[in-house]
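Q: Provided below for reference: sequence and predicted model.
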Amino acid sequence: MKKIFTLSILFLASLLMAATSAQARDGKYIQKVFISNNGLPLNYVILYPENFSPEQAYPVLVFLHGSGERGDDNQAQLIHGGELMRTSDELSNVIVIVPQCPLYSSWAFTSGYTGYPPTPIENPVEAAVKELIDSFIKLGFADKDRIYGTGLSMGGMGILDMAIRYPNYFAAIEPICGGINPNRCAEYKGRTAFRFFHGSDDTAVNPDGSRLANQALIDAGHESSLIEYPGVKHGSWHNAFAEPDFFSWLLKH
């Protein structure tokens, strides 16, 4: 127990040292590895706010990539959206965290990409993502009331699963071409705001996954909306990222 406690202290200290060394955003993602409580190594990259101070609590944006960006290079997760987040003025005062899912895993348990279980167990990779975010909250420079999430395809499913699983964890999320069992949304009791994006002609991830989840949340009295792109197939993240209020919608919550 003493050894585990000592390792935890050392890990938190290393996070703090890394953060304090990032006094200003230099336009580069910092590559890191997080070790979860169950020993799972989770690659991630992080952008600190301009003129970062560990005495201040910042909003946090978590981005979950799709299945094609899985791996262990700690870089592929930035293929879609990485440049947009890096250069966005709206995120200049936001901590941006982009983890990378291991090659043979996923963010959330699903039955392929068309079926969503009603009571899925938590995926260890998803648990590691939450532990990572929690570690920054514990250090005091992540505002626990301003945690935001987005993700595409497999990542859209993952961020939805996290938001429903932890009802008051995210202030707002934007799932892109994702989905979830709508019964879970109908039973949702939290305060997270949802905005879905999906292409109407998506054959990789059925748009009904977003349609039914969005309607279930609305029927249950929650803030939720869906932007559907007519004729667009699976790559609807290009359309979503082009929305002028993509980040501002999140940050207003």
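A: In hand now; what should we look at?
Q: so residue 67 touches residue 154, yeah?
A: Yes - counting by Cβ atoms under 8 Å, residue 67 touches residue 154, with 4.3 Å between them. C-beta: built from backbone N, CA, C; applies to glycine.
Q: enumerate every residue touching residue 210.
A: Listed by Cβ atoms under 8 Å, 6 or more residues apart in numbering, the contact set of residue 210 reads 156, 175, 177, 178, 179, 196, 197, 198, 226, 228.
Q: out of those residues, which sit inside helices?
A: Cross-referencing these against helices under DSSP state H gives residue 156.
Q: how about the contacts of residue 210 in a markdown table, adding pLDDT?
A: Output for these, formatted as a markdown table (pLDDT from 0 to 100):
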| residue | pLDDT |
| --- | --- |
| 156 | 96 |
| 175 | 98 |
| 177 | 96 |
| 178 | 95 |
| 179 | 93 |
| 196 | 98 |
| 197 | 98 |
| 198 | 98 |
| 226 | 98 |
| 228 | 98 |
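Q: nearest to residue 98 among the contacts of residue 210?
A: Comparing the contacts of residue 210 against residue 98 with Cβ to Cβ places residue 156 closest, at 14.6 Å.
Q: could you report the neighbour count for the residue lying closest to that closest one once chain neighbours are set aside?
A: Spatial nearest neighbour of residue 156, excluding adjacent residues (Cβ to Cβ, 6 or more residues apart in numbering): residue 178 at 2.1 Å. Using other Cβ atoms under 10 Å, residue 178 has 33 other residues around it.
Q: residue 178 and residue 161: what is the separation?
A: 9 Å (Cβ to Cβ, to the nearest Å).
Q: so where's the stretch 51-200 of the chain uncertain?
A: Where the stretch 51-200 of the chain drops to pLDDT under 70, the residues are 110-115.
Q: can you pull out the strands in it?
A: In the stretch 51-200 of the chain, the strands defined using DSSP state E, counting those that start in this stretch lie at 58-64, 95-100, 142-152, 172-176, 193-199.
Q: what does stretch 99-112 contact?
A: 34, 42-45, 62, 64-65, 67, 69-77, 116-117, 120-121, 123-126, 128-129, 132, 151, 154-155, 157-162.
Q: returning to that earlier point: of residue 67 and residue 154, which one has the most company?
A: Remark: of residue 67 and residue 154, residue 154 carries more neighbours, 24 against 17, as counted by other Cβ under 10 Å.
Q: got the contact list for that one?
A: By Cβ under 8 Å, 6+ apart, the contact set of residue 154 is 64, 65, 66, 67, 101, 106, 107, 113, 178.
Q: again, only this time at 7 Å
A: Residue 154 is in contact with 66, 67, 106, 107, counting by Cβ atoms under 7 Å, 6 or more residues apart in numbering.
Q: quick one: the residue nearest to residue 156 and residue 162 touch, right?
A: No - between residue 178 and residue 162 there is no contact under Cβ atoms under 7 Å: 11.3 Å.
Q: give me phi/psi at the nearest residue to residue 124 once chain neighbours are set aside?
A: Nearest residue to residue 124, sequence neighbours excluded (Cβ to Cβ, 6+ apart): residue 40, at 5.5 Å. Dihedral pair for residue 40: phi -80, psi 120, per degrees, to the nearest 10.
Q: how close does residue 40 get to residue 221?
A: Distance from residue 40 to residue 221, by Cβ to Cβ: 36 Å.
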